[in-house]
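S.K.: could you look at this predicted model? Sequence included:
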Amino acid sequence: MTEPNIIAIDGPAASGKSTLAIHLANWLDYLYFDTGIMYRTVTLAALRAGIDIENEAEITGLANRITIDVKSPTPGSGRTYDVTLDGLDVTDEIRTAAVDANVSPVSAYGGVRKAMTEKQRAIGSRGKVVMVGRDIGTVVFPEADLKLYLVASVEERARRRHQELLASGESPDYQKIAESMRKRDDIDSHRSIAPLKPADDAHIINTDHLSIEQVFEQVKALIR
Ligand code: CDP
């Protein structure tokens with residue numbers, strides 16, 4: 001078996017990318033790198049600074065000024081990573097509904113994408129990495145050795161996110177989650193720069209009726 005050095009996993013929200021990536025990274029002893037974290041952190045920084053989300057110039061300036069760091073999780077925290085914004089922990093805050101609602105417009109800005117893509121390439125080019133996002137196989141690492149593109153119906157994806165939030169003690173509204181996901185999918189796939197779409201050479205996996213283990217087994221078979 002020759003392990004692929006860079007594995008790119010793209011797809012819409014809650015299609016199963018992160019879970020698959022964590023399994024693969026553990027199995028291969030690779031770095032797991034979720035690029036959505038970076039766009040979420042820029043969005044949180046903009047919300048905190050009170051910048052209008054439509055103000056592209058200010059948000060781009062902010063994206064170039066802030067320091068985002070993703071590290072191994074605090075032991076015992078149950079997290080898969082810790083993320084800091086200018087040195088302060090924001091791991092939980094980047095997953096709030098306010099960030100969900102504003103992250104897609106922020107990540108459609110060319111200057112924001114340029115700043116984030118450069119950081120992602122610097123980290124990913126060290127190799128032995130499983131990278132997750134929307135444009136990894138198409139823009140960030142078109143030369144990735146293995147490209148996976150996960151899809152699932154919006155109903156199934158909203159159901160999964162709803163379950164996750166329930167499990168974390170929140171009282172989520174399924175319809176609101178589905179609506180927010182539809183909006184995000186729409187902006188992500190129709191933006192002019194680096195839209196969400198499979199690379200020509202990506203393996204497309206529909207996870208609608210597959211368990212986590214079944215998806216993992218399929219991908220292991222591809223690698224072998
Ligand atoms: O976890 P979930 O799939 O819901 O979202 P995420 O992967 O954390 O990504 C949040 C948002 O960041 C996406 O909806 C995209 O707008 C943006 N994003 C992007 O544009 N490019 C990436 N490589 C990763 C995320």
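M.R.: Cool, the structure landed.
S.K.: and residue 8, bridged to which residues?
M.R.: Legend: beta-bridge partners of residue 8 under DSSP bridges are residue 131, residue 147.
S.K.: the helix or strand bottoming out on mean pLDDT in the chain near the ligand anywhere?
M.R.: Scoring the helices and strands of the chain by mean pLDDT, DSSP states H and E places strand 68-71 at the bottom, with a mean of 90. No - applying CB under 6 Å from any ligand atom, one finds strand 68-71 separated from the ligand by no less than 12.1 Å. Placement of C-beta: from N, CA and C, glycine included.
S.K.: that strand - contacts with which helices or strands?
M.R.: When contacts are defined as 3 or more CB pairs under 8 Å, 6 or more residues apart in numbering; DSSP states H and E, strand 68-71 sits against helix 36-48, strand 82-85.
S.K.: can you add distance to residue 18, mean neighbour count and mean pLDDT and give those back as a markdown table?
M.R.: Output for the helices and strands packed on strand 68-71, formatted as a markdown table (distance: least, CB to CB, whole Å; neighbours: other CB atoms under 10 Å; pLDDT from 0 to 100):
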| stretch | distance to residue 18 | mean neighbour count | mean pLDDT |
| --- | --- | --- | --- |
| helix 36-48 | 8 | 22 | 98 |
| strand 82-85 | 14 | 18 | 95 |
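S.K.: need these in TSV (columns: distance to residue 30).
M.R.: Formatted as TSV, the helices and strands packed on strand 68-71 follow (distance: least, CB to CB, whole Å):
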stretch	distance to residue 30
helix 36-48	17
strand 82-85	19
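S.K.: identify whichever of these lies nearest to residue 152.
M.R.: Residue 152 lies closest to helix 36-48 among these, at 16.4 Å (CB to CB).
S.K.: parallel or antiparallel, list what pairs with the least confident helix or strand of the chain.
M.R.: Strand pairing (DSSP bridges) places strand 68-71 next to strand 82-85 (antiparallel).
S.K.: quick one: the strand it pairs with near the ligand?
M.R.: No - if you take CB under 6 Å from any ligand atom as the test, strand 82-85 misses the ligand, and the best it gets is 11.0 Å.
S.K.: need the contact partners of the first helix or strand past that strand going along the chain.
M.R.: Going down the chain from strand 82-85, the next helix or strand is strand 88-89, by DSSP states H and E. Around strand 88-89, the neighbours that count as contacts under CB atoms under 8 Å, 6 or more residues apart in numbering are 82-83.
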